[in-house]
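Engineer: Could you look at this predicted model? Sequence included:
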Amino acid sequence: MIQMNNVVKKYPNGVVASNGITVDIRQGEFVYVVGPSGAGKSTFIKLMYREEKATSGDVIVNGINLTTLKQSRIPRMRRQLGVVFQDFKLLPRLTVYENVAFAMEVIEEQPKKIRQRVLEVLDLVGLKHKARMLPSELSGGEQQRIAIARSIVNMPKVVIADEPTGNLDPETSWEIMSIFEEINARGTTIVMATHNREIVNTIRRRVIAIEGGMIARDEYGGDYGYEG
Ligand code: ADP
Ligand code: ADP
């Protein structure tokens, strides 16, 4: 599903944020990406949806080589992925319903299909009854649920999440995790960067630890492994 072969990412300022990463993530896996601040977790994740382009090496997602992908093909490729951010990134002037529907409208789905699917994913995240509200009327946890609904509305094979519980209290974080678990149980691959030790040590999954732009550890059922 996601393969990286000896991937190097050097930013224009000379910082090498990925320093020879080779990894293979298979369909249906649930992977935590952990490591100290500045280790290169976000860069690793951004390489997967071509927010950053590798300086050398191959990044292959869903059979598409992102390193050689033409600029014009990026939007089409992105639609096959779901991406969830720490700060939600919802559109503030659109309602909950519209925020989720928007992702389907851009691919010109039939209106009837959009309505059906949007209500289905809002139901999955438990917020169908708030479809008419604006993001600002929702709690942080609710906004993140909407962002997750948006990420899965086009049925991607992979959902990539960068610290999705980073702005949420512990209880809300657990609720968000149960939604990711449900999505994974339905077959979607999940790659999640996180600093949440409690979650990683309780919901045991594959753990990829990044340090100094390299994979320091890659263990199925591994623990978080850092202090603080
Ligand atoms: P993490 O997510 O683990 O905190 P990042 O991938 O954000 O790590 O950053 C890894 C390194 O790359 C850090 O030294 C960071 O300062 C640097 N870095 C990240 N983004 C950029 C950028 N756009 N330009 C220059 N340096 C960057
Ligand atoms: P939290 O439990 O995360 O602190 P809030 O106290 O922000 O959540 O919100 C509690 C409930 O009230 C949520 O269901 C939220 O959707 C609703 N709510 C909060 N602010 C508004 C608002 N301005 N208009 C309508 N509903 C709101």
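Structural biologist: All right, it came through fine. Ligands and ions are numbered 1, 2, ... in the order given.
Engineer: C-alpha from now on. contacts and neighbour counts both.
Structural biologist: Noted.
Engineer: Just give the nearest non-adjacent residue to S56, would you?
Structural biologist: V8 (5.2 Å; CA to CA, 6 or more residues apart in numbering).
Engineer: which residues touch that neighbour?
Structural biologist: 16-21, 54-57 (CA atoms under 8 Å, 6 or more residues apart in numbering).
Engineer: Are any of the residues you listed buried, and if so which?
Structural biologist: 16-21, 54, 56-57 (16 or more other CA atoms under 10 Å).
Engineer: which residues are contacting the helix ranked longest in the chain?
Structural biologist: Of all the segments of type helix in the chain, defined by DSSP state H, the longest one is helix 170-185. Helix 170-185 has contacts (CA under 8 Å, 6+ apart) with 28-30, 125, 141, 144-145, 165, 190, 199.
Engineer: The helix-or-strand element of the chain with minimal mean pLDDT - contacts with which helices or strands?
Structural biologist: Scoring the helices and strands of the chain by mean pLDDT, DSSP states H and E places helix 74-78 at the bottom, with a mean of 89. Counting contacts by 3 or more CA pairs under 8 Å, 6 or more residues apart in numbering; DSSP states H and E, helix 74-78 packs against no other helix or strand.
Engineer: just to revisit the earlier point, gap between the residue nearest to S56 and ligand 1?
Structural biologist: 12 Å (CA to the nearest ligand atom, to the nearest Å).
Engineer: again with E181
Structural biologist: 23 Å.
Engineer: count of residues packed around that residue?
Structural biologist: 16 (other CA atoms under 10 Å).
Engineer: just D24 next, same as before
Structural biologist: By the measure other CA under 10 Å, the count of residues near D24 is 11.
Engineer: quick one, what contacts it?
Structural biologist: 1-4.
Engineer: and the one helix or strand it maps to, which strands flank it?
Structural biologist: Following DSSP states H and E, one finds D24 within strand 16-25. With DSSP bridges as the test, strand 16-25 is paired with strand 2-10 (antiparallel).
Engineer: Next, report how far the partner strand is displaced from the centre of its chain.
Structural biologist: 18 Å (CA atoms, centre = their mean, to the nearest Å).
Engineer: Over to stretch 208-227?
Structural biologist: 18 Å.
Engineer: That stretch near ligand 1 anywhere?
Structural biologist: No - under the criterion of CA under 6 Å from any ligand atom, stretch 208-227 makes no contact with ligand 1; the nearest approach is 7.0 Å.
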